[in-house]
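Asker: Sequence first, then the predicted structure:
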Amino acid sequence: MSEMMHVTEESADRDITKNWVNSSRFLFYLQVLITVAFLLGATYKLYQQRYKGHPDVVVPDNTLYTPKYK
């Protein structure tokens, strides 16, 4: 009977609902890991969609600052 109680106490020590110190530490590190993963993913997605340069745009002469008329 005491062996059964001893095994139950050991598993209760490792149970996340019973040991608040270890579970809060685990949840804190899990939150930090998820936040870092989200930030890295968002940064990579923004990097993929970055502005890649100045395109050659044809501007009609009559819409310039000093327009040229025919």
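Answerer: Received the coordinates, thanks.
Asker: what bits of the protein have low per-residue confidence?
Answerer: Flagging of the chain using pLDDT under 70 yields the residue ranges 1-16.
Asker: in it, which residue is closest to the centre?
Answerer: Geometric centre of the chain, nearest residue: F38, 0.6 Å, by C-alpha atoms, centre = their mean.
Asker: For P67, which residues are in contact?
Answerer: Contacts here follow C-beta atoms under 8 Å, 6 or more residues apart in numbering; on that basis P67 touches D61. (Each C-beta comes from the backbone N, C-alpha and C, glycine too.)
Asker: Now do K52 against T35, distance only.
Answerer: Computed with C-beta to C-beta, to the nearest Å, the distance linking K52 and T35 is 29 Å.
Asker: Between these two, which has more neighbouring residues?
Answerer: Relative neighbour count places T35 above the other of K52 and T35, with 10 against 6, counting by other C-beta atoms under 10 Å.
Asker: where's that one, which helix or strand?
Answerer: With the criterion set as DSSP states H and E, the secondary-structure element containing T35 is helix 20-48.
Asker: separation between the residue nearest to the centre of the chain and N62?
Answerer: When distance is defined by C-beta to C-beta, F38 is 49 Å away from N62.
Asker: cool, N22 as well?
Answerer: From N22 across to N62, the span is 74 Å (C-beta to C-beta).
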